[in-house]
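# could you look at this predicted model? Sequence included:
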Amino acid sequence: MHPIIYDVAVSLDGFISGPFGNISKFAHEGQVVDDYFARIGEYTTAIMGRATYEFGYRFGLEPGQNPYGHMRTIVFSSGLHCPGEKDIEIERTTTKEALQELKSNAPGPVYLCGGGSFAGSLLKMNLIDRLRLKRSPIVLGSGVRLFGDTECNTQFKCIGTKSYETGHILEEFQI
């Protein structure tokens, strides 16, 4: 069985994006970004919610296009519609059983791409195995929280950290 890993940039105050999905204050180049792209190559399957998938439209992603060409990509959404042929899979329900089956059958680690609400629902179902935070030295004040509005009492164990000269810190937690 392969782990589901939530690998995400987060501000010091716990937001994965600012108001209206603004990510402009997060790093877009440098070693922290290079390391992220290297990790992306390790994942075999990407999962995300509708809002995260549609967020890609702002950056030229076409409906049905796979944002991660080397990975199987599954969007969990009851309302996402993509015309014609698509390079992604759409799972209409988010059940613990379907996600456990995905973990069992995935050929390698599963990348939980986001977003906050979707990650929160997986955390509540105890389906996230690891958390990789690219902690950015910024404060956003509002926006999308790391786990959305999910209330959950989960224990994390830090299993590694890496500091960057830019003030970013990569933290990895086992759940």
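Thanks, I have the structure now. Numbering: from 1, shown residues only.
# ok, the most centrally placed residue in the chain - contacts?
When the chain is reduced to its mean C-alpha position, the closest residue under Cα atoms, centre = their mean turns out to be Cys113, at 2.2 Å. Applying Cβ atoms under 8 Å, 6 or more residues apart in numbering to Cys113 gives the contacts 7-8, 46-48, 52, 68. Quick note: C-beta positions are derived from backbone N, CA and C, even for glycine.
# so which residues of this structure form strands?
Using DSSP state E, the strands assigned to the chain run over residues 4-11, 15-17, 45-49, 72-76, 89-91, 110-114, 130-136, 144-145, 157-163, 169-174.
# now the ones you listed as JSON lines including distance to Ser24?
As requested, the strands of the chain are arranged in JSON lines below (distance: least, Cβ to Cβ, whole Å):
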{"stretch": "strand 4-11", "distance to Ser24": "12"}
{"stretch": "strand 15-17", "distance to Ser24": "10"}
{"stretch": "strand 45-49", "distance to Ser24": "21"}
{"stretch": "strand 72-76", "distance to Ser24": "24"}
{"stretch": "strand 89-91", "distance to Ser24": "29"}
{"stretch": "strand 110-114", "distance to Ser24": "17"}
{"stretch": "strand 130-136", "distance to Ser24": "12"}
{"stretch": "strand 144-145", "distance to Ser24": "14"}
{"stretch": "strand 157-163", "distance to Ser24": "23"}
{"stretch": "strand 169-174", "distance to Ser24": "20"}
